[in-house]
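Chemist: Build me a model:
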Amino acid sequence: MKAEWIIRRGSRKLLLFFNGWGMDRRVADWVVSASAAFDGRDIAVVYDYRDLTLPDWLGEAVAGVDSVELLAWSMGVWAAARAGLEKVDRAVALNGTPWPRDAERGISPEVFMGTLEGWNDANRQRFERRMMTGVPQDVVENVRSERSSAEQKGELQAIADSLSSGQRHSVPTWNYSKAIVGGRDQIFRAENQLRAWREAGVQVVDYPAMPHFPFHYPEVLTELLA
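Modeler: Reported below is the predicted structural model:
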């Protein structure tokens, strides 16, 4: 995992933002600049799940604060549960599940592997259009990942390998407190998200008109920390 500070002011409250597959820090930069909902916290973004080891410096930061909030989007929902975090006071899942390659609770295996095998610049553009349905173009330009398609493909291959290997990870001592589900999500289908969280006994907040990229919805930003 890679991680970077978005805000570091020595606060006793830390928010960890686990980003989606293929992304970089730009989504977190834009979200923080667009809303005052995150004031009063230090914020770190985590992305790039080719390696599921949390950077040492971030682990030390987690150990040194009074409270840790976790916001995980898309593939970040799965990755956060494998980061070895022991100290999480509150966790919110947003348009993702802990079972990313699952026909009933995540993305169907056929779609997941088809995305991996066919990933290139052209298919990346089609994927981003599905992910960003209804999102204003200026927002799209501000949050689009600057990582290469080849690097994104390598990350998705590593995720697929981890899912296939049955590699054991420590079971987190925390659970998601709430899941926010977009009814127009074209990546993680809403019905699969709802099924996953219902089975897991996690509270769900459903936004029927929300696409996979949800951060331009002001009410969602408020709901994240409610």
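Chemist: Run me through the strand neighbours of whatever helix or strand A93 lives in, direction for each.
Modeler: Using DSSP states H and E, A93 falls within strand 90-94. Looking at strand 90-94 with DSSP bridges, its partner strands are strand 67-73 (parallel), strand 178-182 (parallel).
Chemist: any idea how far that strand is from the chain center?
Modeler: How far strand 90-94 lies from its chain's middle: 9 Å, per C-alpha atoms, centre = their mean, to the nearest Å.
Chemist: Give me the mean pLDDT for the helix or strand just after that strand.
Modeler: Going down the chain from strand 90-94, the next helix or strand is helix 109-117, by DSSP H and E. Averaged across helix 109-117, the pLDDT comes to 97.
Chemist: returning to that earlier point: tell me which of the strands paired with strand 90-94 lies nearest to R144.
Modeler: With C-beta to C-beta as the measure, strand 67-73 is the member of the strands paired with strand 90-94 nearest R144 (15.0 Å). In this view, the C-beta of every residue, glycine as well, is placed from N, C-alpha and C.
Chemist: residue ranges of the helices in this protein, please?
Modeler: For the chain, the helices defined by DSSP state H cover 26-34, 56-63, 75-80, 109-117, 121-131, 137-143, 149-165, 190-200, 218-224.
Chemist: Which positions within the fifth one qualify as buried?
Modeler: I take that to be helix 121-131. Residues of helix 121-131 classed as buried by neighbour count (16 or more other C-beta atoms under 10 Å): 124, 127, 131.
Chemist: One more: the first one?
Modeler: Across helix 26-34, burial judged by 16+ other C-beta under 10 Å covers 26-32, 34.
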